[in-house]
Structures are given as C-alpha cells and as structure tokens.
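Student: here is my input; please provide its structure:
(one chain, ligands or ions: 2)
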Amino acid sequence: MNYLIRIIKICIKHPFLTIFAFLAGTLSMGASILFPTLLGSIIDTTTASIQTGTIFNQPMIFLTSVIFINMLFLGIFTFAKSYFIESLAENVSYDLRKKFFNHVINLNFAFHDKTHTGNLMSRAITDMNSVQKLISSGIMDTPFQIGLLIIVPILLIKSHWQLGLLSLIISITIITIAIPLRLKVRSLWLTIQKNLANLSTTLQEDLTGINVVKSFGAENYETNKFKISNKNVARQIVSAELIRSRYVALKLFAFLLLPGIVLIAGRNLVLTGQLSTGELAQFLFYLIMLQNPVVAIGGKIAIFVRGIEAAKRILNIIDSDSKIKESSNLIIIKDFKGSIQFNNVNFSYNGIPALQNINLDIQQGMSVGLIGSPGSGKSTLFKLIPRFYDIDSGIISLDGHDIKMLPLETLRNNVGIVPQDISLFPITIRENIAYNKPTAEFSEIIRAAKIADIHSFIETLPNGYDTIVSERGANLSGGQKQRIAIARALISNPPILLLDDPTASVDFTTEMRINKALKTVTQDRTTLISTNRVSSLIKTDLILVMENGNIVDKGTHYSLLKTSTIYQELYHIQTQQKVA
Ligand SMILES: Nc1ncnc2c1ncn2[C@@H]1O[C@H](COP(=O)(O)OP(=O)(O)OP(=O)(O)O)[C@@H](O)[C@H]1O
Ligand SMILES: [Mg+2]
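Tutor: Ligands and ions are numbered 1, 2, ... in the order given. The predicted model follows:
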C-alpha cells in the first residue's frame, strides 16, 4: 500500500495533468451517464409524437440537439481524459526511469556484484510498463469505474426497483464466477512471464558466452536446454489461453443473457403500463453500461496487484543505499602528485576477508609491482584506491589525504585504471579512448594511443580511429584491447596509473610490446602493475609479494631474489619454463 501511495504522490507532482485528467474523466462520465436518460426521453417523445402526428415538434428538436451536444462533449471529454492520463503515466514513468538509471549507475560495485544484469533490465522495462499501466488503467481510471458501479445501480433501482434488483443479483453472480477465472489467468501469465524472463536470460547468457559454448562443443547441450524451457513456456501459454477462452465465453454469454432476461421481463411491464418504452430502453442502456465496470473489476485488481509489485521492485532499487558516500567536508585539491599510503587497511567481500592489515608507502613517480598467486588480492587492492569498494578499517590516502575526504570525481580522474577484464564499448576506437574525457582533442587521443603503442596498429585499419569496436571487442586481439584500454586510462593523464595484469592474455612478443609501451607510460607517474610474470617486474622500484590477502614480502627484484622464498620459487619456475 505504501508503494501505491508513493506512486500517487509522484502523480501529484504533475498537478496540471492530474487535475485535468480527473476533470475530463468526470465530465466524460457525466456525459455517458446522461446519454441513456436522453435516449429514453427521445424514444418516449417520438412515440408520443407519432401518436399525435407531429414529428418535428419543439420538444423533439430540443431533445435531438441536446443528444447531439451530449455526444459531442462525450467524444471531446473521453479524448481529453485518455490524452491527459497517458501523458501523466508517461511523465511519471519518465521520472521513474530517470531516477532508476541515475541511481543504478551510481550504485557501488558490491551492489552490482550481487544483482543480475538481466534482473535490472527487466525492472527497467517490464516493471516500468506495469507501473505505467497501474497509473493509466489503475489509479486514474478505477475511480470512474467505481463511480459507474455506484451510480448506475442506483439509477437502475430508481427506474424500476424489482427489475433493478434482479439485474444486480445476476451481475453479482457473474462477478463471483468471472473474477477467480480472471485472476487465475493473471497468475498463470505471471508464471509465464517469469519463465519467459528466464528463457531470455538463458538466451542472453548463451549468446554472451557463445565463444565458450562453441569451444566446448556444447551447442547440442545448450540447444536441448533451451528446447525444454521453450516447450514448458509454450505449454503454459496454451493452458492459460484455455482458461482465458473460458472466461471470454462466460463474459459473452453473460453479456447477452442479462439484457435478454430484462427484455423479456420488461416487455410485460411495458404491456401492463408499469414502464414506458423509453424507460425500458433507458434501463437496457444502463445495464449495458454497467457491464463494462463489472467486467473490468477482475482486470483492475490484477493491474493493481501487478503494478504495486512492480513499483515495489523499482522503488526498492531507488531506495537502496549502496552508493559510495561522499564526505560532507570534502577537501578540494587541484594538483595531485601521486603518492599513495595504506595504513592498516582491512577489507572483506560480504564478510569474507580479502585483504588484511595492508601497510604501504608509495612515493610519487614510483613504479610498484604486485605479484602473487591467483586470488591473493592484487585486483582487490587496486579496486580500493579509486573507491570501487570501501574498506572495513584503516586509511588509504593520496598525497596524505584520506581518499574518503576527496570528491569521488576528482579521485577517479586522478587514478587511471586498466582493469583485468577489459571491456570496450561497441563504439568507435576514438570514442573508446576518449571515454573518460569526451572533450579530448584528436591530437590528445593520438598521443595516448602512441604512448600505449597502439597508434600504428589503429592506422592500419581501413577506418582508422573511426573503426567500430564489435561487441565484446571481437574484432580486436587480446593485446590490442589491452593497449586501447591503456590509452583510455591515459587520456586524462592521471598521476596514478593502476595496471591490473596487463600482459595476462597475451603471448611473449605482445608482452614485450606492452612492456615496452609501459616503460613510456610509467614515466612521470606513480604506477602499480599487478602480474603473475616476474619478467614484467624486473625494472620496477618496488615489488610487493602477496599471499592470501597479505603482503608477505617487499623489495626490489634483486633483493627479493635473496630474501623471499616465494619470489625465488616464482622466478625459478618462470625462467625454467622459458628456457624449456
Ligand atoms: N566481487 C567479489 N565478490 C566476492 N569475492 C571476491 C570478489 N572479487 C574477488 N573476490 C575474492 O577475493 C579474493 C581476492 O581476489 P582478487 O581478484 O583480488 O585476486 P587476484 O590476486 O587479483 O587474482 P588473479 O591473479 O587471479 O587476478 C579471492 O578469494 C576472490 O575470490
Ligand atoms: Mg586479479
């Protein structure tokens, strides 16, 4: 209920549209309620006129004009009602979509780690549609349907109470039979939609991981998996349609049955003079008018249930407080030098420790290597510097300032990161490189590409810098993607550069090329490189050896060869591998 009130409050933020929609709705309802009465009167007047032989008398002309004006107003107000309601629903969903996107994009990595992308997509699209429907067909239309459900029965009883009562009893019987059927169809459709969403997630996962599927020859396995889910959904749709057909048939039968009964009973009343022909016609018109809201009730209940559920899912995301918070006393710094300090830093992912008691003092301009077995915490250490995750305890500082006191934008603009999993957007290479600085001049883009040693390759492409990167960077090699990502990190010329395993997925020659490029990259800036290859670290000023979230040894390549057994082992295994 709380969520419904919140959606209503968002509607009220558009007072012009809300008021005009209600005004148009009320006037259109008024005009439609007046219509049967006018029609009844004109039938009686016509009958009287025929009897007196004067068809074009004054009351006839007056009534015809009134009916004409009434119909004109009915058309205008009905049009205005749907125009204002749809505009209102669109405006509210625009607001919600904007809020949702702004919020989701600002949520931290911890949130995105645990939330499925497909789930967020379905909230942004399917749930948003349900909320829109909740506003247009639910909140804004239901009061008028309820209005008709109250006013029309009163008018029916007023016309002829016995006939009115009989009609109402039959109507209520129809509602009691129809609503459960309608709700059953609805709940079946909800299951179908859930299964359809799962089907589309399977499809999305298969297509994203098409390389894996193909490389393991798993096409048949995946095809079968898909076939089973697909068949299930198809079967459910058929059974839902079966129940729906029953509901439609019942509705149609009831639609014809009720006026039929009234016509037979009413005929006798007309013949015995208890009702005039016009009054009977008026009664029949009101009865037909009543059928709409009666039938609509089941649908409205479903729209409210589904819309509120969807609103809850969207609003829960908007309410989620997983943003990286900025301090209220931010320190504004113009020029960063690039020194990094870690003081007793501890960090865990959902309670599982990933880094323990890290102490570091990296001076401006130093090149630092991180080495350690997979899962030892190298990438995690990198992710803490631009505050992708907030630490549990301790302090991380840049140039002596706690990073929590720096504006996030400043922090992230000064810390360039080349992540371990490179993802490029399906836009041009030029736009990819300038992603962090869309205003970059072309000369700056070329400069960054040259430092990353990718410029000459880009020049060989038919469209050069305007080449579109295919989805998942399929038209680039691992090393090329890596160097484009390095250029992207360099575009804003950050004083601190974090390179997470830049030579992981490349061969020896490319590794040499990247290492050569890195030599230029690391000049004049503080650089941290994580790697599993000793050969990439020989020239660094400091090497940190990591093990199970701890820094177990520190030193230069030569000092570690003497003091660190882990480092010695790594060195020997890797040099032997090369010799072999
Ligand atoms: N997003 C995450 N959520 C939960 N646990 C995580 C997450 N990322 C990493 N971990 C865990 O934290 C530990 C450190 O992972 P990390 O990625 O920092 O290792 P790494 O040293 O970079 O390994 P590699 O050499 O394979 O890149 C691992 O045990 C890993 O399972
Ligand atoms: Mg890593």
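Student: which element is the residue in the chain positioned nearest to ligand 2 on?
Tutor: For the chain and ligand 2, the shortest gap (C-beta to the ion) falls at Ser379, measuring 3.1 Å. The C-beta positions use only the backbone N, C-alpha and C, and glycine is treated the same way. Using DSSP states H and E, Ser379 maps to helix 378-384.
Student: check which helices and strands that helix sits against.
Tutor: strand 340-349, strand 352-362, strand 367-372, strand 496-500, strand 526-531 (3 or more C-beta pairs under 8 Å, 6 or more residues apart in numbering; DSSP states H and E).
Student: which elements pack onto the very next helix or strand once past the fourth one?
Tutor: Next helix or strand after strand 496-500 toward the C-terminus (DSSP H and E): helix 508-522. Based on contacts counted as 3+ C-beta pairs under 8 Å, 6+ apart, the elements that helix 508-522 packs against are helix 442-451, helix 478-490, strand 496-500, strand 526-531.
Student: mind listing what's buried along helix 508-522?
Tutor: By neighbour count on 16 or more other C-beta atoms under 10 Å, the buried set for helix 508-522 is Thr510, Glu511, Arg513, Ile514, Asn515, Ala517, Leu518, Val521, Thr522.
Student: most centrally placed residue in the protein?
Tutor: The centre of the chain sits closest to Ala124, judged by C-alpha atoms, centre = their mean, with a distance of 2.5 Å.
Student: shouldn't that residue be within a helix?
Tutor: Yes. Assigned with DSSP: H, G, I helix; E, B strand; the rest coil, Ala124 falls within a helix.
Student: that one contacts Leu96, doesn't it?
Tutor: No. Ala124 is beyond contact range of Leu96, at 9.5 Å (criterion: C-beta atoms under 8 Å).
Student: buried ones in stretch 219-231?
Tutor: So, applying 16+ other C-beta under 10 Å, buried residues of stretch 219-231: Glu222, Ser229.
Student: in the stretch 1-150 of the chain, which spans are helices?
Tutor: Along the stretch 1-150 of the chain, the stretches classed as helices by DSSP state H, counting those that start in this stretch are 2-12, 15-52, 58-106, 109-114, 117-122, 128-133, 142-159.
Student: distance from the second one to the middle of the chain?
Tutor: Relative to the chain's own centre, helix 15-52 is displaced by 44 Å; criterion: C-alpha atoms, centre = their mean, to the nearest Å.
Student: state the distance from Lys337 to ligand 1.
Tutor: Using C-beta to the nearest ligand atom, to the nearest Å, Lys337 is found at 27 Å from ligand 1.
Student: show the contacting residues for that residue.
Tutor: By C-beta atoms under 8 Å, 6 or more residues apart in numbering, the residues touching Lys337 are Gln364, Asp399, Pro495.
Student: Produce a ChimeraX select command limited to the buried residues of these.
Tutor: Restricted to buried positions by 16+ other C-beta under 10 Å, the ChimeraX selection for these reads:
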select :399,495
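Student: residue contacts, the closest residue to the residue nearest to the centre of the chain other than its chain neighbours?
Tutor: For Ala124, ignoring the flanking residues on the chain, the nearest one in space by C-beta to C-beta, 6 or more residues apart in numbering is Phe100 at 6.1 Å. Contacts were defined as C-beta under 8 Å, 6+ apart; by that measure Phe100 touches Arg123, Ala124, Met128, Ile314, Ile317, Ile318.
Student: ok so, going back, what's the neighbour count on the residue of the chain closest to ligand 2?
Tutor: 19 (other C-beta atoms under 10 Å).
Student: next: Gln58.
Tutor: Neighbour count of Gln58, defined by other C-beta under 10 Å: 8.
Student: same thing with Ser32?
Tutor: As a burial measure, Ser32 scores 21 neighbours (other C-beta under 10 Å).
Student: give the contact list for it.
Tutor: Taking C-beta under 8 Å, 6+ apart as the test, what Ser32 contacts is Leu74, Met289.
Student: circling back: now tabulate the helices and strands packed on helix 378-384 in a markdown table and tack on mean pLDDT.
Tutor: As requested, these are exported to a markdown table (pLDDT from 0 to 100):
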| stretch | mean pLDDT |
| --- | --- |
| strand 340-349 | 94 |
| strand 352-362 | 93 |
| strand 367-372 | 92 |
| strand 496-500 | 91 |
| strand 526-531 | 91 |
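Student: can you name every helix or strand that the lengthiest helix in the chain contacts?
Tutor: Assignment by DSSP state H gives helix 219-271 as the longest helix of the chain. Applying 3+ C-beta pairs under 8 Å, 6+ apart, one finds that helix 219-271 makes contact with helix 161-208, helix 277-319.
Student: measure the residue lying closest to Asn515 once chain neighbours are set aside to Thr503 for me?
Tutor: Spatial nearest neighbour of Asn515, excluding adjacent residues (C-beta to C-beta, 6+ apart): Ser536 at 5.8 Å. Per C-beta to C-beta, to the nearest Å, Ser536 is found 6 Å from Thr503.
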